[in-house]
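Asker: Generate coordinates for the sequence data below:
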Amino acid sequence: MLTIVNGEVVALGTYKQKRRAASKQHPALSSAGAGRRPSTERLNNLQALANASQPVQQLRALQRRETPVAQREVDTSTSAFLPDYAAGEKAGWEKKDRTGVADWAQEDYRSGKGKTGAPDKSSITGNLRPTPRTDRDGKSIDPAEGVKLWAVHEFLMEETTMIASMTGGKIGSIYFPGGRVRTTHARGPTVEEHPHALTLQFNIDPIACWRAFVMANAWVADMDRNNEIHAKAVRRRFKRFKIVKMAGAAPDQLPPWATLIKTPDDALPEGTDPDTSGVKLFEIMLRDSQHVKSTHPSRGAAAQIKITRADLMKLKAVAKSLEGIPDPQAQNGAFYRYVTMKLPHLAPLIRKPGEVDYG
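Answerer: Numbering: from 1, shown residues only. Prediction:
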C-alpha cells in the first residue's frame with residue numbers, strides 16, 4: 001500500500017518504520033501526539049522564553065513600581081545553604097499569626113523599617129514624596145513638594161494682631177479681613193462675611209457725637225422722648241447724622257469724635273481698658289461706593305488682640321457649625337464648652353452663656 005508523506009509517494013510499511021525510528025531519537029516530539037504530557041524540559045524552556053520576553057519584563061517592572069508594600073524575594077529552591085528543619089518546623093519567612101500576616105512583616109511594621117531600609121509605603125499611584133516634617137529642613141517652599149509642613153505649622157501658630165470689640169474684658173467679635181466671628185451673644189455665635197473694601201469701622205465717642213447732633217438739630221431738645229414715635233424719629237435721624245459725617249468724609253475731615261479704623265494699628269492698643277476709653281465701635285457696611293447697606297453699633301470698643309491664626313480658624317469653624325441650632329442659648333452653651341475644652345487660654349475672654357443678656 002502506498003501513502004503520501006511530505007509530497008512524496010512511499011510505501012506504508014516504510015513510512016511506519018521511519019516514524020518509529022524518529023520517535024526513538026526524539027521522544028519529546030512523539031509524546032505529545034501520543035496523548036501524554038510534554039516533557040518537563042520543554043516546559044521549562046518555554047517558561048524561560050516567556051520570562052525573558054519584553055511584555056513580561058515590562059509587566060513585572062510595573063508591578064514592582066506600583067506595589068504599595070515592601071516586597072521580599074524568598075529562595076524556595078533546594079539549596080545546600082538553607083538550614084535543615086525538623087518535621088513540622090517552618091522557616092522564619094513562612095511563620096504567620098492567626099490572621100495570616102507573616103511575623104517578619106509585623107516586626108518591620110512595628111519598627112518602621114525593613115532589613116533593607118524603610119519599607120516602601122508610597123501609594124499605588126506612584127507618589128514617592130517623602131513624609132512631611134514639622135521641623136525646619138531648608139526652604140519653606142520646595143519645587144517638588146510645595147509648601148513644607150513646618151512652614152504651614154509656623155504660619156498657623158504665629159500670633160497675629162487682630163481687631164476685637166471688647167467690653168468688660170470680654171470679646172464680642174473678632175474681625176478679620178472680609179468679616180467677623182461673633183462669640184457668645186443674645187442671638188448666638190455666627191460668622192459674618194462682608195467685603196473688606198466695603199466695610200468702614202470707626203471708634204466713636206458716643207457722648208460727643210450726641211452733643212454734636214443736638215447742636216446741629218435744635219428741634220431734638222423739644223422732642224418728647226417718652227413718645228415712642230418721636231423717639232424712633234430721633235434715632236433714625238441720629239443714625240443718618242453719623243453716616244453722613246463719617247461715610248463720605250476723608251480721614252483728615254472726620255469729626256473729632258470719630259477715629260477711622262483701617263488696620264489693627266488704629267484700634268486701642270493692647271492693654272488699654274476699653275471701658276474707660278469712652279469710645280465704641282461703629283461699623284458702616286456699604287452696598288457699593290455710593291450706597292449704605294447697613295450699620296452696626298457695637299457694645300464694645302475696637303481694641304487690639306493677639307491670637308494665632310489656628311485659634312481664629314477654630315473659632316470660625318465652631319461658630320459656623322452651630323448656626324443650624326435654633327436656640328441661641330444652646331448655641332452659646334456649645335460654643336463656650338468647645339472653647340473651655342479646646343481653647344482654654346481664650347475662655348477668660350469669652351462671656352459665659354449665663355452672662356449674656358437675652359432680653
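Asker: Would you map the strands across this structure?
Answerer: Counting by DSSP state E, one finds strands in the chain at the ranges 2-5, 8-11, 141-142, 146-147, 159-167, 170-176, 179-182, 190-193, 199-204, 258-260, 280-286, 292-297, 301-308.
Asker: could these go into JSON lines alongside mean neighbour count?
Answerer: Where you see a C-beta, it was placed from the backbone N, CA and C, and this is true even at glycine. Below are these laid out as JSON lines (neighbours: other CB atoms under 10 Å):
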{"stretch": "strand 2-5", "mean neighbour count": "11"}
{"stretch": "strand 8-11", "mean neighbour count": "10"}
{"stretch": "strand 141-142", "mean neighbour count": "12"}
{"stretch": "strand 146-147", "mean neighbour count": "12"}
{"stretch": "strand 159-167", "mean neighbour count": "20"}
{"stretch": "strand 170-176", "mean neighbour count": "22"}
{"stretch": "strand 179-182", "mean neighbour count": "21"}
{"stretch": "strand 190-193", "mean neighbour count": "15"}
{"stretch": "strand 199-204", "mean neighbour count": "21"}
{"stretch": "strand 258-260", "mean neighbour count": "18"}
{"stretch": "strand 280-286", "mean neighbour count": "20"}
{"stretch": "strand 292-297", "mean neighbour count": "14"}
{"stretch": "strand 301-308", "mean neighbour count": "20"}
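Asker: Give me the neighbour count for Arg299.
Answerer: Using other CB atoms under 10 Å, the number of residues around Arg299 comes to 16.
Asker: Next one: the residue lying closest to it once chain neighbours are set aside from Thr183, what distance?
Answerer: Of all residues not flanking Arg299 in the chain, Thr167 sits nearest, at 5.2 Å (CB to CB, 6 or more residues apart in numbering). When distance is defined by CB to CB, to the nearest Å, Thr167 is 12 Å away from Thr183.
Asker: Repeat that for Gly278.
Answerer: From Gly278 to Thr183 the distance is 23 Å (CB to CB).
Asker: which residues of the stretch 251-359 of the chain fall in helices?
Answerer: 274-277, 309-321, 328-342 (DSSP state H, counting those that start in this stretch).
Asker: List the buried residues for the first one?
Answerer: Read that as helix 274-277. Pro274, Ser277 (16 or more other CB atoms under 10 Å).
Asker: Dump it to CSV, restricted to CA.
Answerer: The C-alpha trace of helix 274-277 is given here as CSV (Å, rounded to 0.1, in the frame of the first residue of the first chain):
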residue,chain,number,x,y,z
PRO,A,274,-11.9,99.7,76.6
ASP,A,275,-14.5,100.6,79.3
THR,A,276,-12.6,103.7,80.4
SER,A,277,-11.6,104.8,76.9
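Asker: what helices or strands is that helix leaning on?
Answerer: Applying 3 or more CB pairs under 8 Å, 6 or more residues apart in numbering; DSSP states H and E, one finds that helix 274-277 contacts strand 159-167, strand 301-308.
Asker: Let me have those in JSON lines, extended by mean pLDDT.
Answerer: Shown next, in JSON lines, are those (pLDDT from 0 to 100):
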{"stretch": "strand 159-167", "mean pLDDT": "95"}
{"stretch": "strand 301-308", "mean pLDDT": "95"}
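Asker: This completes my enquiry, with thanks.
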